[in-house]
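Trainee: Starting from these lines, generate the structure:
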Amino acid sequence: MKMCPHCKINIGGNLEKCPLCQNLLTGEGERDYIPKIEIKTRLRRKAFKIVMFVFFALIIINLALDFLFIETEHPSWSPLVVAWLLVIGWIIEFIIRKHYNLLKAMFFTMIAIVVLSFFSEAFITLAWDLPYLGITAGYIVPILCSGNLVANFILSFIDKHFTDYSLIYMFLNILVGVAPWIALLIFYRNKPPLTWSICMVINVLAFFGLIVFKGRTVLAEFKKRFHL
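Mentor: Residues are numbered from 1 along each chain as shown. Sure, this is the predicted structure:
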């Protein structure tokens, strides 16, 4: 029988994670008491295949236009388009397959878009010989972080699939929003841009909101994560 090291309870069957705190279980598993049910439906699988085919077709057409059909010299755009299509396809895959940890999905979607935005700006600067404007660092990142945190804060109260385990993604989002503001203040010794200051204020307000409305849950999450 498996055991949860945080909840201190024994759990029958062959689960990998604790149903209460979602942490990994220890010990030897047993035969499942209830047969596993396949959640995917035929319609969802078919929709997923259609979407993936459309995205791969767009990628192939984009590469062909850029490298085969246009013979004159031109700034290459295909790596940029391919990168965005792959990320958009991954986001749609999350929606179609109906992953229920919305906070986790939103956090990693934000990270993917931020990384892709930095890549896009760097690619345009180097490949197209245009000046680097710093739009991603100055505007896109703080705006995305603020919007994502507000959405996460609301979902943590209304999403029926929300669990204490999802709080870790809110903490990570708060860290992403506050750490750059502190770094800018320390290393540049100047007041950070207005967008980052607004982002920092929203993150601090969200953190204290969690303390006020979910104080016990937050404290339990910190004890569980840091083994206190």
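Trainee: And for the spatially closest residue to K104 that is not a sequence neighbour, the neighbour number?
Mentor: Of all residues not flanking K104 in the chain, Y169 sits nearest, at 5.3 Å (CB to CB, 6 or more residues apart in numbering). No exception for glycine: its C-beta is placed from N, CA and C like everyone else's. Using other CB atoms under 10 Å, Y169 has 21 other residues around it.
Trainee: One more: the one 3 residues further on?
Mentor: The tally of other residues near L172 (other CB under 10 Å) stands at 16.
Trainee: now swap in the one 10 residues further on and tell me
Mentor: I182: 12 surrounding residues under other CB under 10 Å.
Trainee: for the chain, what helix or strand is lowest in average pLDDT?
Mentor: When the helices and strands of the chain are scored by mean pLDDT, DSSP states H and E, helix 215-225 comes last with a mean of 72.
Trainee: Can you pull out the residues in contact with that one?
Mentor: 6, 21, 23, 164, 167-168, 171, 210-211, 228 (CB atoms under 8 Å, 6 or more residues apart in numbering).
Trainee: Can I get these in JSON lines including neighbour count and secondary structure?
Mentor: Output for these, formatted as JSON lines (neighbours: other CB atoms under 10 Å; DSSP: H, G, I helix; E, B strand; the rest coil):
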{"residue": "H6", "neighbour count": "18", "secondary structure": "coil"}
{"residue": "C21", "neighbour count": "17", "secondary structure": "coil"}
{"residue": "N23", "neighbour count": "16", "secondary structure": "coil"}
{"residue": "D164", "neighbour count": "17", "secondary structure": "helix"}
{"residue": "L167", "neighbour count": "22", "secondary structure": "helix"}
{"residue": "I168", "neighbour count": "16", "secondary structure": "helix"}
{"residue": "F171", "neighbour count": "15", "secondary structure": "helix"}
{"residue": "L210", "neighbour count": "19", "secondary structure": "helix"}
{"residue": "I211", "neighbour count": "11", "secondary structure": "helix"}
{"residue": "L228", "neighbour count": "8", "secondary structure": "coil"}
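Trainee: which two in the residues you listed are spaced the farthest apart?
Mentor: Spatially, the most separated pair among the contacts of helix 215-225 is N23 and I211, at 22.4 Å (CB to CB).
Trainee: mind giving me the domain split of the protein?
Mentor: 1-37, 40-98, 111-228 (automatic domain parsing).
Trainee: Select the longest helix from this protein.
Mentor: For the chain, the helix reaching the highest residue count under DSSP state H is reported as helix 102-127.
Trainee: next helix or strand past that helix?
Mentor: helix 135 (DSSP states H and E).
Trainee: Run through who's touching the next helix or strand after that next one.
Mentor: Downstream of helix 135, the next assigned helix or strand under DSSP H and E is helix 141-158. The contact list for helix 141-158, computed with CB under 8 Å, 6+ apart, reads 102-103, 106-107, 110, 113-114, 117, 162, 166-167, 169-170, 173-174, 176-177, 180, 193, 195-196, 198-199, 202-203, 206, 209-210, 213-214.
Trainee: Buried only: go through those for me.
Mentor: Buried members of the contacts of helix 141-158, counted by 16 or more other CB atoms under 10 Å: 102-103, 106-107, 110, 113-114, 117, 162, 166-167, 169-170, 173-174, 176-177, 180, 193, 195-196, 199, 202-203, 206, 210, 214.
Trainee: in this structure, which segments are predicted with low confidence?
Mentor: 31-42, 97-101, 159-166, 221-222, 225-228 (pLDDT under 70).
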